[in-house]
Each structure stands twice: as C-alpha cells, then as structure tokens.
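Colleague: Let's see this in three dimensions:
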Amino acid sequence: MRQLSVVILAAGKGERMLSSKPKVMHEIMGKPMVGYVVERAQELSPINTVVVLGYGKEKVREYIKDLDIVTAIQRGQKGTAHAVLSAEKPVKGHDVLVLYGDVPLIESSTLKGFLNFFQKAGTVTFMTTDVMNPTGYGRVIMKKDCIEKIVEDVDARPSEKKIKRINTGICAIPSHLFPLLKEIKADNRKGEYYLTDIYKILHKRGIDVKGYHHEKSSDVLGINSKKELLDANIIMRDRILDDHMKNGVALLDRNVYIEEGVVIGRDTIIYPDTHISGKTWIGEGVSIGPNSFIRDSVIHNRVNVEGFVFMEGAEIEEGARVDPYTKILFKTLIRKDSKVHECVKEMNTVWRKKK
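Modeller: Predicted coordinates for the structure are as follows:
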C-alpha cells in the first residue's frame with residue numbers, strides 16, 4: 001500500500017447555518033462535526049492528517065490542538081482546489097484523500113472501500129451518490145466507472161440539472177498527479193478553483209478519472225443547515241443506541257439521548273427520556289431513569305438511579321440507590337450500598353450508608 005495522507009477541508013463559514021460559530025464546530029451528539037471526520041481519517045493510519053483552517057480558525061484549532069494532526073491555513077475562500085493546495089507541503093510525495101469537516105456521518109467501512117477502489121484504479125477518483133433533489137450539488141456524467149464530466153450546479157445547463165448522480169466532494173489523488181492541481185483555472189461563474197476540474201486537466205492528457213458510487217447518500221453529504229444538522233443528530237443517535245444495544249445495554253425506548261463517548265456496561269437498563277452526556281462511565285447492572293439527566297459522572301455496578309434525577313460531576317459506588325427528584329452535583333461521592341433520599345440536593349459531599 002502506498003503512503004497516504006488525509007486532507008480535511010474545514011475552512012468554510014457555512015452561511016446557511018446562520019451562525020457565528022464555524023460550520024465544522026456545530027455538534028452532532030455532543031461532538032463537533034470535524035471531530036468525527038478526524039477520527040475516521042486517523043482510523044486509516046495515514047502518514048499525516050491535515051486540517052485546512054480558514055473562517056474561525058482559532059476556535060477550530062483550540063478544539064483539535066491535542067489531536068495528532070497538522071494544520072494548514074487557506075487564505076481567502078478561493079475554492080476547493082485552492083484549499084487542498086494549502087496543504088501541499090505536509091502531503092508531498094503521498095497519495096491524498098480529501099475529506100470534508102462537515103461530513104460527520106462518513107463511516108470507516110465506506111472510506112476503506114473507496115480507498116481499495118482508488119488503489120486499483122491508480123488515478124484520481126471521486127465518490128459519487130444519487131439524490132432525489134440534486135440542487136446545489138455538482139452533477140456527474142459517467143460511462144461505466146469513468147467520469148466524463150463534472151459540472152457545478154451554478155454552471156449546469158437545464159438538461160444537466162436533471163441528473164441525480166452527484167459529486168460528494170470526497171476525492172483521492174495519486175501522489176504523481178497531485179501537482180496538476182496547480183493547473184486548474186478559475187474559469188467559472190464563481191471565479192473559484194474547483195477541485196472537480198482536475199478531470200479536465202487529466203482528460204487532456206488522456207488519463208481517465210474514476211467514480212466510486214456509494215448508495216447511501218446520507219452518509220456522505222455535507223451538513224449545510226440547522227435542519228440538516230438535526231437530521232444528522234438523529235442518524236448518529238440511532239447509531240450510538242444500536243452500538244450500546246449490541247454491547248448488552250437495554251433501552252426501553254429510543255427516546256433517550258446518549259452522547260458519543262459515553263461508556264455503559266451490559267445488563268444496564270436505560271428508561272425513556274434519559275439524557276447521558278460528557279465523560280460519563282456507567283457500570284453493569286445499573287438502572288437509570290426515566291427522565292434523568294447524567295453528565296460527567298461515574299456510576300458503578302448495580303446502582304439504581306430513579307426517575308427525575310439530575311447528576312453532574314458525581315460518583316456513585318456499587319449497590320447505591322438514588323431516589324427520585326434528587327440533585328447530585330460536583331464532587332459528590334455516594335458510598336457503596338448507601339441510599340440518597342427523595343428530593344435531596346447534594347454538592348461536594350460524601351454520602352455514606354446509614355448504620
């Protein structure tokens with residue numbers, strides 16, 4: 001396998017989000033979108049993972065500063081080819097996989113399948129998908145698995161706008177073809193350097209450009225609005241819940257919120273309308289809810305947390321019981337086999353079993 005670097009484009013503002021927050025910092029189940037993309041990239045064991053920053057770069061850099069990545073700056077919003085070239089130095093001599101910081105639902109299996117196809121093709125490869133409403137996306141015209149043309153929505157003719165096959169933007173570029181990105185021209189209505197226009201450069205040299213089709217479009221499309229952000233949260237929530245159930249957790253209703261990264265042991269029962277977030281660890285045989293809120297807490301085995309409990313920054317030792325309508329806050333430790341009575345509020349306390 002050839003050496004691979006991953007470039008994650010995270011420089012855009014995201015006008016349709018109607019927010020001052022950088023687009024890629026909007027959260028999906030408690031984690032910024034770009035965090036998911038970095039995780040998927042690093043699961044491929046690349047030589048370098050480069051995040052290209054632009055709008056709101058300080059906020060994005062602060063979030064990713066402890067991750068094993070390299071950053072590059074796109075100075076000015078001049079298009080996707082310009083953004084990728086901003087990362088030229090750390091990816092030099094490597095094959096390059098281009099991902100997007102606003103595509104958090106992409107899965108490892110999808111990327112591995114795409115890279116296997118790319119390595120066999122030995123040429124620039126774009127990931128495509130079909131959508132019912134392609135407005136706003138670049139249309140892809142193909143012959144078998146070869147791309148004949150990619151046309152951006154604003155430049156498409158009426159007949160081309162009817163095409164349902166679109167370019168997701170995800171792209172792989174062999175190291176020997178990467179320098180050709182510099183030949184792309186900004187000869188379009190937006191005056192931008194489109195990464196997709198690499199197909200024109202390659203076709204002039206008699207080199208094919210390949211398309212890898214992915215059936216499930218929701219996995220590979222960007223999040224551009226608050227409505228799409230909500231839809232992505234629902235998809236990710238269901239994935240998280242399914243993973244917990246596969247690991248032996250019992251959910252009595254899908255109407256629960258469990259953030260990415262929460263650890264829950266088997267034979268634990270989660271009742272409806274329960275919210276579990278942050279750095280929370282829950283042992284085996286625990287019962288929680290309904291309508292309870294748990295954040296940044298440790299709950300050991302065989303604990304019973306009744307309904308309408310609010311818990312943050314607490315630790316509950318094995319066999320303890322927390323009655324309904326209880327509030328347990330920062331640095332509170334509930335000792336083994338003890339009971340916290342109904343409607344009690346505890347903070348910075350050690351609660352022991354009554355003798």
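
Colleague: low-confidence ranges in the protein?
Modeller: 1, 343-349, 351-355 (pLDDT under 70).

Colleague: Closest to the mean position in it, which residue would that be?
Modeller: Nearest to the geometric centre of the chain sits Pro104, at 2.3 Å (CA atoms, centre = their mean).

Colleague: ok, now which ones touch it?
Modeller: Contact analysis of Pro104 by CB atoms under 8 Å, 6 or more residues apart in numbering lists Ile28, Met33, Val34, Gly35, Tyr36, Val37, Ile223, Ala232, Met236. In this view, the C-beta of every residue, glycine as well, is placed from N, C-alpha and C.

Colleague: Compare those residues and tell me which has the most neighbours.
Modeller: Comparing the contacts of Pro104 on neighbour count, Val34 comes out first with 28 neighbours (neighbours: other CB atoms under 10 Å).

Colleague: Quick check: longest strand in the protein by residues?
Modeller: strand 165-173 (DSSP state E).

Colleague: Any buried residues in stretch 288-305, and which?
Modeller: 288-295, 297-300, 302-305 (16 or more other CB atoms under 10 Å).

Colleague: my bad, should have said stretch 132-147
Modeller: Pro134, Tyr137, Gly138, Arg139, Val140, Met142, Ile147.

Colleague: Return the distance of the residue lying closest to Glu315 once chain neighbours are set aside relative to Phe310.
Modeller: Using CB to CB, 6 or more residues apart in numbering and skipping residues adjacent in sequence, the residue nearest Glu315 is Val298, 4.4 Å away. Val298 is 16 Å from Phe310, where distance means CB to CB, to the nearest Å.

Colleague: mind listing what Thr123 touches?
Modeller: Thr123 makes contacts with Pro174, Leu177, Leu202, Ile207, Asp208, Val209, Lys210, as judged by CB under 8 Å, 6+ apart.

Colleague: Tell me which entries of those lie within helices.
Modeller: Mapping the contacts of Thr123 onto helices (DSSP state H) picks out Leu202.

Colleague: now, among the contacts of Thr123, which is nearest to Asn167?
Modeller: Using CB to CB, Val209 comes nearest to Asn167 of those, at 10.9 Å.

Colleague: That closest one: neighbour count?
Modeller: Neighbours of Val209 under the rule other CB under 10 Å: 25.

Colleague: which residues touch it?
Modeller: Going by CB under 8 Å, 6+ apart, Val209 touches Thr123, Val124, Thr125, Phe126, Cys146, Ile147, Ile198, Tyr199, Leu202, His203.

Colleague: Ile240: neighbouring residues, count only.
Modeller: 19.

Colleague: Check whether it sits in a helix, strand or coil.
Modeller: What DSSP: H, G, I helix; E, B strand; the rest coil gives for Ile240 is helix.

Colleague: give the contact list for Gly113.
Modeller: Tyr212.

Colleague: picking up where we left off before, for the contacts of Val209, which single residue is the most surrounded?
Modeller: For those, neighbours were counted by other CB under 10 Å; the highest total belongs to Phe126, with 28 neighbours.

Colleague: about what we covered before: from the chain's centre, how far out does the longest strand of the chain sit?
Modeller: The chain centroid and the centroid of strand 165-173 are separated by 17 Å, computed with CA atoms, centre = their mean, to the nearest Å.

Colleague: Over to stretch 170-187?
Modeller: Remark: stretch 170-187 is offset 25 Å from the chain centroid, using CA atoms, centre = their mean.

Colleague: what residues does that stretch touch?
Modeller: 2-3, 78-79, 81, 84-85, 88, 91-100, 103, 106, 114-115, 118, 122-127, 192-195, 197-198, 200-202, 207, 220.

Colleague: Can you say which of those are buried?
Modeller: When burial is judged by neighbour count using 16+ other CB under 10 Å, the buried members of the contacts of stretch 170-187 are 78-79, 81, 84-85, 88, 91, 94-100, 103, 106, 114-115, 118, 123-127, 192-195, 197-198, 200-202, 220.

Colleague: These in strands, which ones?
Modeller: Asp95, Val96, Leu97, Val98, Leu99, Tyr100, Thr125, Phe126, Met127.

Colleague: one step back: okay, buried residues for the longest strand of the chain please.
Modeller: So for strand 165-173, counting by 16+ other CB under 10 Å, buried means Arg165, Ile166, Asn167, Thr168, Gly169, Ile170, Cys171, Ala172, Ile173.

Colleague: and the angle from it to strand 95-100?
Modeller: 140 degrees (axes from the mean of the first three to the mean of the last three CA atoms, to 10 degrees).

Colleague: CA-only coordinates of strand 165-173 in PDB, if you can.
Modeller: Below are the C-alpha coordinates for strand 165-173, written out as PDB (Å, rounded to 0.1, in the frame of the first residue of the first chain):
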ATOM      1  CA  ARG A 165     -25.900  11.500  -9.700                       C
ATOM      2  CA  ILE A 166     -23.800  14.000  -7.800                       C
ATOM      3  CA  ASN A 167     -20.200  14.500  -6.600                       C
ATOM      4  CA  THR A 168     -19.900  14.200  -2.900                       C
ATOM      5  CA  GLY A 169     -16.500  16.100  -3.000                       C
ATOM      6  CA  ILE A 170     -14.700  13.200  -1.400                       C
ATOM      7  CA  CYS A 171     -11.700  12.500  -3.600                       C
ATOM      8  CA  ALA A 172      -8.400  10.600  -3.800                       C
ATOM      9  CA  ILE A 173      -5.400  11.800  -5.700                       C
END
